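In: This is a predicted model, with the sequence first.
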Amino acid sequence: MKIEDFSIFEFSYLVKKRQIRPSIIVEHYLKNIEEKNDELNAFISINENVLDEAKELDARLDRGEELPVYAGIPLAIKDNINIDGMETTCASEILRGYKATYDATVIKKLREKGFLFIGKTNLDEFAMGSSTEFSAFGPSRNPYNPEYVTGGSSGGSAAAVAAKMAQAALGSDTGGSIRLPASFCGVYGLKPTYGRVSRFGLVAYASSLDQIGPLARNVEDIAILLSIIAGWDSKDSTTSNMPVSDYFEYVFENRKKEEYRIALPEEYWGEGLDEKVREPLEEFIGFLKMNRFKVERVSLPHTRYAIPAYYIIATAEASSNLGRFDGVRYGRRKMGRNFREMIENTRGEFFGEEVKRRILLGTFALSTGYYEDYYLKAQKARTLIINDFKNIFREFDFVLAPTSPTLPFKIGEKIDDPLKMYLSDIYTVSPNLAGLPALNIPVGTSDGLPVGIQLIGNYFSENRMLKFAYFVEKEYRR
Amino acid sequence: MKDIELVRYVAKLSAIKLTEEEEIKFSKQFAKIIEYFNTLNELELGDVEPVFSVLPLKNVMRTDSAEAKNPEKILDNAPDREENYFKTPKTI
């Protein structure tokens, strides 16, 4: 068994029993990064102190000290989440050189449990994109075939996990940015319920949609990470005070086989779904039926309005959130003849094309004369989309849908056609609009590229979702 | 408004200086994207309430106390500074 095949829980046990030293774990992952990152471009920066931090833990073990439960296990963090003292670039020229001055809440919580942070991962600039090609640091490449995209925007995190350059990773998901790259890279990726995880210290893109979540090679690691990062935070007023389950315990201690009622919305399984994706997914549906779960076709009739509503709301919120990048307080500046011109020059010069496109679209959707026709209509359409899901969850536990309509596409294939790129998110944006939790489960490959299925649960049902995913992980032989 | 005028107008509102090529490129793309946004016009939305938060949220108050963390670290990130101030070109 190789080091990277252990789970977080197993590492925790082995370190505690002094059967493995933190520095050995970290060295192993650093070696994988050295071998693979030049090609895959998953990381924007590596934490240069990480090995010293691990050796410090070794020394504490040698002195007989009790260490935090997950001491020495290295995670990769999307580069739009602040780690005190490390650069946060958001893969943008405008933030080049910016060093975070505090830990995000999720980082603070993980640090308290002993985790180390091995590096910051690549993304589409400010998390705006579906392929990780819109990065000022160049595209990440798919570990299954480097000619193909990783999906985005958390493409660096997904590639780092898939190529075993970290034990697990954090990403952020506004319209599919955890699930799509998880699907393209063949790993698990969870977007939790809106409000489940604090966004304090996450650079905001679209605040009514953004959630931080874990990516990992197994369900166990997802459950452990979620248990740690979830919960109310006085620094994020949108966090919920719903009690946090011990997801790990729920999944592994309670062995009773559960019955699941699963809805397949016809709008997600019809025209537009690539046959190469459909095949392995239908095979998987067959497995569920064999297990005698209730699997039925349903309708979510407003699905076709999800993408326009999503891109109006997300760009509108982005245009407001990105107002703070003005060349005054952080990042870079391009001078002008006066204050106003300095701001316009700075933003014109250092924002990338996709970011400018979205700020402009969002400003349009919010501007006088257009607000009622676009932003307000989108927020009303959102109500209809939420009601569709509420109706289904009266009779079903989960909605099951493809994560992506196509296999991973080639680098460069969609970069010049924004609308085509936006449609990559066609199956992932609705859970964000509704605030529902959604998980990518890898279920097979087609033409040597991974295919994932998307499990959408009711609000705060992550425990049951992970239990279902664990059942699939153990029982489904593809 | 013509497409290119619309792009120039929202660029001004967004405080982003665009190159001429960008103005042309964006105006072509926006025509297509906005047409797609117009799919929402198929919906009858008269009585539908808009969503501004998906979860019931209560306003949370806290004591408004200053917390000077590390001004040096924060100011170090600024493109230009003088003593404990951010420095910018003249605003008036």
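Out: Nice, thanks for sending it over.

In: how about the strands of chain B, start to end?
Out: Ranges of strands in chain B, per DSSP state E, are B:81-82, B:85-86.

In: Out of the ones you listed, which gets nearest to chain A?
Out: Proximity to chain A, assessed across the strands of chain B by Cβ to the nearest Cβ, is greatest for strand B:85-86 (5.4 Å). To be clear about C-beta, it is placed using only N, CA and C from the backbone, and glycine gets the same treatment.

In: Residue 47: neighbour count?
Out: Let's take chain A. Look at residue A:47: counted by other Cβ atoms under 10 Å in any protein chain shown, it has 22 neighbours.

In: that answer is for a different chain, and I need it for chain B
Out: Residue B:47 has 6 neighbouring residues, counting by other Cβ under 10 Å.

In: again, but for residue A:431
Out: For residue A:431, the neighbour count with other Cβ under 10 Å is 29.

In: before we move on, the earlier item: Throw the strands of chain B into a markdown table and include distance to residue A:62, mean pLDDT and mean neighbour count, thanks.
Out: Output for the strands of chain B, formatted as a markdown table (distance: least, Cβ to Cβ, whole Å; pLDDT from 0 to 100; neighbours: other Cβ atoms under 10 Å in any protein chain shown):
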| stretch | distance to residue A:62 | mean pLDDT | mean neighbour count |
| --- | --- | --- | --- |
| strand B:81-82 | 45 | 94 | 12 |
| strand B:85-86 | 47 | 94 | 12 |
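
In: Of all the ones you listed, which one is nearest residue A:340?
Out: Among those, the nearest to residue A:340 by Cβ to Cβ is strand B:85-86 (16.1 Å).

In: What distance do you get for the residue nearest to residue A:476 when sequence neighbours are not counted to residue A:121?
Out: Excluding the flanking residues, the one nearest residue A:476 by Cβ to Cβ, 6 or more residues apart in numbering or on different chains is residue A:287, at 5.5 Å. From residue A:287 across to residue A:121, the span is 32 Å (Cβ to Cβ, to the nearest Å).

In: If you count surrounding residues, which of the two has more?
Out: Per other Cβ under 10 Å, whichever of residue A:287 and residue A:121 has more neighbours is residue A:121, with 33 against 16.

In: Columns distance to residue A:57 on top of the strands of chain B, output as JSON lines?
Out: Shown next, in JSON lines, are the strands of chain B (distance: least, Cβ to Cβ, whole Å):
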{"stretch": "strand B:81-82", "distance to residue A:57": "37"}
{"stretch": "strand B:85-86", "distance to residue A:57": "39"}
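
In: Ok, which of the ones you listed comes nearest residue A:126?
Out: Between the strands of chain B, strand B:85-86 lies closest to residue A:126; by Cβ to Cβ that is 22.0 Å.

In: Run the contact check for the closest one versus chain A.
Out: Yes: using Cβ under 8 Å from any Cβ of the partner chain, strand B:85-86 comes into contact with chain A via residue B:86.

In: Okay, now the sheet partners of that strand, with direction.
Out: Neighbouring strands of strand B:85-86 in its sheet, by DSSP bridges, are strand B:81-82 (antiparallel).

In: helices or strands next to the host helix or strand of the residue nearest to residue A:476 in the packing?
Out: Following DSSP states H and E, one finds residue A:287 within helix A:275-290. Packing contacts for helix A:275-290, counted by 3 or more Cβ pairs under 8 Å, 6 or more residues apart in numbering or on different chains; DSSP states H and E, involve strand A:294-298, strand A:398-402, strand A:438-446, strand A:449-457.

In: Rebuild those strands as JSON lines, extending it with mean pLDDT, mean neighbour count and distance to chain B.
Out: Converted to JSON lines, those look like this (pLDDT from 0 to 100; neighbours: other Cβ atoms under 10 Å in any protein chain shown; distance: least, Cβ to the nearest Cβ, whole Å):
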{"stretch": "strand A:294-298", "mean pLDDT": "98", "mean neighbour count": "14", "distance to chain B": "20"}
{"stretch": "strand A:398-402", "mean pLDDT": "98", "mean neighbour count": "24", "distance to chain B": "16"}
{"stretch": "strand A:438-446", "mean pLDDT": "97", "mean neighbour count": "23", "distance to chain B": "13"}
{"stretch": "strand A:449-457", "mean pLDDT": "98", "mean neighbour count": "26", "distance to chain B": "14"}
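
In: Can you tell me which of those is nearest to residue A:131?
Out: Smallest distance to residue A:131 across the helices and strands packed on helix A:275-290 (Cβ to Cβ): 13.9 Å, for strand A:449-457.

In: Can you identify the element that follows the closest one toward the C-terminus?
Out: Next along the chain after strand A:449-457, taking DSSP H and E as the criterion, comes helix A:462-475.

In: do that next one and chain B meet at all?
Out: No: using Cβ under 8 Å from any Cβ, helix A:462-475 stays clear of chain B, with a minimum separation of 14.7 Å.

In: quick one on the thing from earlier: off-centre distance for the helix holding residue A:287?
Out: 24 Å (Cα atoms, centre = their mean, to the nearest Å).
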